[in-house]
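[1] Quick one, structure for this:
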Amino acid sequence: MTPDSLIRSSITTLTTHVVLFLTLTVSSLAVAQAVPTIGSGSGEGSKVPYRGTSLSYGHSITPYNYTKEVVSWTHRLGLMPEWHFTDAFTVRARFYLTQEFTLSDTTNSVNEVELSDLWLDAVWGGWKEKTTGIRLAGDLRSTFPTSKQSRAVSRLFTLAPGLNVSRTFGVLSGLTFVYSARFTWRFNRFSTRQNEGGLISNCNANAEQVQAVGFIDACNNSSSGANNVQADVLHGPTVVFNPHERVNISASLFMQRGWVSPMSAYEVGGVSLPARNYTRDFIGFSFGLSYQPWDVVGFTLGAFTFANQLDTTGKYIFPLFNRNTAASLDATFDLEAIVSSIAKEQK
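    Got it, this is the predicted structure:
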């Protein structure tokens with residue numbers, strides 16, 4: 001096997017593992033972030049500083065389970081606090097607890113509860129151009145490694161500034177077009193993923209072993225050899241339509257390019273692998289249908305897909321729905337509406 005073919009084969013193996021990791025461990029958080037919910041408590045007339053704060057509970061199913069079962073079924077509890085200092089400046093956080101009912105590919109025990117990363121956003125409400133009605137807004141997102149997946153990649157924290165441009169039209173209860181972009185920089189202790197086992201000390205690994213695990217350097221004291229994504233750019237359009245004040249339909253398509261930590265040249269089993277800088281490209285799609293029957297609770301039926309742009313044969317994957325698609329159903333409880341309802345009953 002030539003060095004070039006070894007590299008290509010290793011990239012294919014590694015990319016498959018990356019998609020599995022993202023599908024099983026990121027989709028629960030991503031579904032809740034990508035599919036918007038609606039709540040009457042966060043309307044323009046509300047001035048309560050904690051408006052928008054909510055608690056969610058939902059289930060998701062995806063057909064992508066790597067080795068053990070046909071489908072993966074999980075449920076999750078989400079905490080989404082917000083604090084509005086002014087109309088223009090808001091701080092919000094996101095945190096999720098997830099548990100899989102089926103046999104998981106990412107846990108050490110049956111029905112193990114997994115923590116998501118803690119997301120903290122500082123949000124600028126934006127500026128609206130009076131003539132065109134175009135609004136420019138942004139935020140700065142930080143994440144902290146409370147998930148075991150982030151700890152496995154030796155994550156310290158991330159910084160991710162985001163910017164979006166939007167325009168709302170007066171169609172029924174509102175039609176909004178948005179284009180958003182976010183740059184993320186990851187601060188990691190190491191350039192490769194780590195695990196809780198012992199360090200690799202065997203320096204006589206052959207080329208077949210290297211191919212099997214994907215770019216593993218047996219002499220670099222790495223426990224996995226899979227290089228971390230150092231930075232990425234995520235961007236794409238979103239359409240949000242409100243046919244009724246209590247009904248919300250949204251769809252988002254986003255593309256991601258990630259820059260992987262560079263690899264030094266080395267030789268394993270007589271095969272020389274050159275120094276390499278490479279990227280990973282993914283594409284995602286989300287769809288959500290939300291209904292708010294009561295002020296205190298709303299329901300969202302959603303679908304979230306995240307996958308490689310190319311399959312293992314180099315052909316493009318249909319980005320909207322494929323084997324990575326996770327279907328979800330969530331109930332979201334509005335804290336402000338709950339407090340207001342209790343206050344009315346007391347009176």
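[2] how far away is residue 154 from residue 311?
    30 Å (Cβ to Cβ, to the nearest Å). C-beta here means a position set from N, CA and C on the backbone, and glycine is covered the same way.
[3] Which residue is the nearest non-sequential neighbour of residue 297?
    Once flanking residues are discounted, residue 297 sits nearest to residue 333: 5.3 Å by Cβ to Cβ, 6 or more residues apart in numbering.
[4] For burial, what's the neighbour tally of the one you found?
    Counted with other Cβ atoms under 10 Å, the neighbours of residue 333 add up to 16.
[5] what sits against it?
    54-56, 296-297 (Cβ atoms under 8 Å, 6 or more residues apart in numbering).
[6] Out of those residues, who's the most crowded?
    residue 54 (22 neighbours).
[7] List phi and psi for that residue.
    phi -150, psi 160 (degrees, to the nearest 10).
[8] I figured it was touching residue 332, is that so?
    Yes: between residue 54 and residue 332 there is a contact at 5.1 Å, judged by Cβ atoms under 8 Å.
[9] and which of the contacts of residue 333 is nearest residue 170?
    Closest approach between these and residue 170, by Cβ to Cβ: residue 54, at 26.9 Å.
[10] Tell me how far the closest one lies from residue 82.
    From residue 54 to residue 82 the distance is 8 Å (Cβ to Cβ).
[11] which stretches of the stretch 201-347 of the chain have low pLDDT?
    201-226, 263-270, 273, 275-276 (pLDDT under 70).
[12] Would you mind listing the buried residues in the host helix or strand of residue 329?
    Following DSSP states H and E, one finds residue 329 within strand 326-334. Residues of strand 326-334 classed as buried by neighbour count (16 or more other Cβ atoms under 10 Å): 326-328, 330, 332-334.
[13] Next, residue 343: phi, psi?
    Dihedral angles for residue 343 - degrees, to the nearest 10 - are phi -60, psi -40.
[14] what's the burial count for it?
    Residues lying near residue 343 (other Cβ under 10 Å) number 9.
[15] Could you pull up the contacting residues of it?
    Under the criterion of Cβ under 8 Å, 6+ apart, residue 343 has no neighbours.
[16] re earlier: turn the contacts of residue 333 into TSV, columns for distance to residue 100.
    Shown next, in TSV, are the contacts of residue 333 (distance: Cβ to Cβ, whole Å):
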residue	distance to residue 100
54	24
55	21
56	18
296	29
297	25
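[17] Mind listing the strands the helix or strand containing residue 143 pairs with, and their directions?
    Element membership of residue 143, judged by DSSP H and E, is strand 134-144. Strand pairing for strand 134-144, determined by DSSP bridges: strand 118-128 (antiparallel), strand 155-169 (antiparallel).
[18] Mean confidence (pLDDT) on stretch 111-124, please.
    Mean pLDDT, computed over stretch 111-124, is 92.
[19] Break down the chain into its helices, ranges please.
    In the chain, the segments counted as helices under DSSP state H are 3-25, 27-34, 148-152, 207-213, 335-346.
[20] ok, and for the shortest one, which residues are buried?
    What that stands for is helix 148-152. So, applying 16+ other Cβ under 10 Å, buried residues of helix 148-152: 149-150, 152.
[21] Over to stretch 283-291?
    Buried-residue list, stretch 283-291, by 16+ other Cβ under 10 Å: 283-288, 290.
[22] Restrict that stretch to CA atoms and write it as PDB.
    Written as PDB, here are the backbone C-alpha positions of stretch 283-291 (Å, rounded to 0.1, in the frame of the first residue of the first chain):
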ATOM      1  CA  ILE A 283     -23.500  19.700   5.800                       C
ATOM      2  CA  GLY A 284     -26.600  19.900   8.000                       C
ATOM      3  CA  PHE A 285     -30.300  20.500   7.700                       C
ATOM      4  CA  SER A 286     -33.000  21.100  10.400                       C
ATOM      5  CA  PHE A 287     -36.800  21.400  10.100                       C
ATOM      6  CA  GLY A 288     -39.100  22.300  12.900                       C
ATOM      7  CA  LEU A 289     -42.900  22.600  13.300                       C
ATOM      8  CA  SER A 290     -43.900  24.300  16.600                       C
ATOM      9  CA  TYR A 291     -47.300  24.800  18.100                       C
END
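[23] now that stretch, how far from the chain's geometric center?
    Put simply, stretch 283-291 sits 13 Å off its chain's centre (Cα atoms, centre = their mean, to the nearest Å).
[24] Residues touching it, excluding its own?
    Applying Cβ under 8 Å, 6+ apart, the contact partners of stretch 283-291 are 30-31, 34-38, 236, 246-256, 298-309, 317, 319-321.
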